[in-house]
Each structure stands twice: as structure tokens, then as C-alpha cells.
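> Quick check, what structure comes out for this input:
(one chain, ligands or ions: 1)
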Amino acid sequence: MTLEIEQFMCRSDNFGVLARDAQTGETAIIDAPEESAILSAIERTGWRPTMILTTHHHQDHVTANLALKERFGLTIVGPAREADRIPGIDRTVEEGDTVRVGAQAAHVIETPGHTAGHITYHFADAGIAFTGDTLFALGCGRLFECKPPVMFASLKKLMALPPETIVYCGHEYTEANARFALTVDPTNSALKERAAQIRILRAEGKPTLPTTMAKEMATNPFLRGHDPVIRRNLGMQHVSDEEVFAEVRKRKDVS
Ligand SMILES: [Fe+2]
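Numbering: from 1, shown residues only. Prediction:
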């Protein structure tokens, strides 16, 4: 059972994704950042979308909803908590709900923090998660609508996914994230190696996504509040993992 993925750039740094169930051919669009880039991907692949899976209400994730709905008659799925801010929404979902794309099932995980209703779609059988603007490669979303403990709890849910889970995110922010990560975790050899690979990929104009949970657990400072070296670097040996997370987020905000 395979979920085929077509990932492409939209706007300046958003990712667009088509996800197609190989068995039935049913295809979902994950967020809708830009109509023309999505139409090009549909043309290129020949895949015909029947739904949009929305992670959160921000304009750069929903802007093409109505145009795509009109063109393809597709169903728009999104978080119940943000339904009033998602254009054209047909079906609202919450924690524990299942969304089917052909023979593939996505479990809805509520991951508030970046926005108060943000959700992640986890295709457990395919081993793929679409984390929107909750988790990024070497980063996490800015806390526009929630306090740090809320985002920390969301990231902990993602950290509980199998390490081999392949993660697609909403933005190509990895190079800047790597620069920041090295300021709080400069001696992490896995991070240094990854940062070097990222610089090469970006210099070649290539995407740095997808990532995996295992890679993020080893190198993403927002998931590593338990790490004694990061704690020592921050002078925070005797506080909770959540407090370390809050400090890392605060530093990134002003970096
Ligand atoms: Fe966002």
C-alpha cells in the first residue's frame, strides 16, 4: 500500500503537496498555498484531486481553496476549531478522526501552537505525516495563538510517532533553522553534518524536505529540551523540558 507524493514549491517558501493512493488513484492536496503551482503539479502528474486536507487557517495555506473547489468539485477537510476561517470547508475533523484517501487512512492529530486549531494528518500505514506549520525541519512554527506549553504538548505527540515516519512540512525554512540550531547546539555532530548537507541542497536550489522524525529527534533543538548539552549551553540544567523548549522558541523569535 503506497501513498505517492508530489512535492513542489509555492509562493516564495511554501510547499505544495499532492498525495495519491496508488491502489485507487484517489488524490488529496495537502493545503492550498497557490493555485497555479498546484494546477501545474496536477498537470505534470496527471493525478486528479478529490479533496484538500487543510492543516490550519493561515492565508498562505488556504488561498486556493475556492478556486480548486470550483474547478475540481473537491471536498475540503479541515480542523473543526478553525472551520469558520477555512474557505469552502465541507468536513470538519478533530483529534482521533480518520480521513480516507482511497485505501489510505489518515489519523487526525490535534497539534495546536502555531494556531489554536492546527492539525496534523498522519498516514500510519504509509508512515507519512503532514505537519503543516507545527513541526519544520530543524524548527517549529511561531506561536501566534498559543503559549509555549500548548506547542510543547503538540510536539510531544509528534515525537511519539514511529522514528521512521516521513514528515512533510509547510515551509522551506530549513537553512535559517539550521543556522539557529547551531547556536544552541553547536557541538552536535549529527546537526553539523545535516547543516552542511542543507547548505549544499539549497545552493543547488533543491528542497530539504521531507525529513523524518528520527532526524528531527537527533538534530531539531525544539525537540531536544532533555539534552544535557543543550541545557548546559542555555544554563538551564534544573528546569523542565517544557521550559527549555520555551527558551529555545524565545531565542529563535529574536534571532
Ligand atoms: Fe502558518
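> By proximity to the ion, which residue of the stretch 101-250 of the chain wins?
Closest residue of the stretch 101-250 of the chain to the ion, CB to the ion: residue 133 (3.7 Å). C-betas here are computed from N, CA, C, even on glycine.
> Quick check, that residue in contact with residue 169.
Yes: contact status for residue 133 versus residue 169: in contact at 7.5 Å, counting by CB atoms under 8 Å.
> near the ion, which residues of the stretch 1-150 of the chain?
Residues of the stretch 1-150 of the chain lying close to the ion (CB under 5 Å from the ion) are 58, 133.
> at 6 Å instead, please
Within the stretch 1-150 of the chain, the positions near the ion by CB under 6 Å from the ion are 56, 58, 114, 133.
> Just the residues contacting the longest helix along the chain, thanks.
When every helix of the chain is counted residue by residue (DSSP state H), the longest turns out to be helix 189-203. Helix 189-203 is contacted from outside by 137-138, 174-175, 178-179, 181-182, 185-186, 207-208, 215, 218-219, using CB atoms under 8 Å, 6 or more residues apart in numbering.
> which of these tops the neighbour count?
Among those, the one with the most neighbours (other CB atoms under 10 Å) is residue 138, at 29 neighbours.
> Skip the chain neighbours and tell me the closest residue to that one.
Beyond its immediate neighbours in the sequence, the residue positioned closest to residue 138 (CB to CB, 6 or more residues apart in numbering) is residue 177, lying 3.8 Å away.
> same thing with residue 113?
What sits nearest to residue 113 in space, not counting adjacent residues and going by CB to CB, 6+ apart, is residue 151, at 2.8 Å.
> Would you list the phi and psi of the one you found?
Summarising the backbone geometry of residue 151 under the convention degrees, to the nearest 10, its torsions are phi -60, psi -40.
> contacting residues around the helix or strand hosting residue 214?
Using DSSP states H and E, the element containing residue 214 is helix 213-219. The contact list for helix 213-219, computed with CB under 8 Å, 6+ apart, reads 129, 135, 137-138, 158-159, 161-165, 167, 181, 185, 188, 190-191, 194, 223-224.
> what about 7 Å?
When contacts are taken as CB atoms under 7 Å, 6 or more residues apart in numbering, the neighbours of helix 213-219 outside the stretch itself are 135, 138, 158-159, 161-165, 167, 181, 188, 190-191, 194, 223.
> Likewise for stretch 225-236?
184, 185, 187, 221, 224, 237, 241, 243, 244, 245, 247.
> Among those, name the ones in strands.
The members of those all map outside strands under DSSP state E.
> Out of those, which end up buried?
When burial is judged by neighbour count using 16 or more other CB atoms under 10 Å, the buried members of the contacts of stretch 225-236 are 184, 185, 221, 224, 241, 243, 244, 245, 247.
> How about the contacts made by the residue nearest to residue 113?
Residues near residue 151 by CB under 7 Å, 6+ apart: 113, 140, 143.
> How many residues are close by the nearest residue to residue 243 once chain neighbours are set aside?
Residue nearest to residue 243 in three dimensions, not counting chain neighbours: residue 236, with 6.7 Å by CB to CB, 6+ apart. Counted with other CB under 10 Å, residues neighbouring residue 236 total 17.
> swap in the one 10 residues further on?
Close neighbours of residue 246, defined as other CB under 10 Å, add up to 20.
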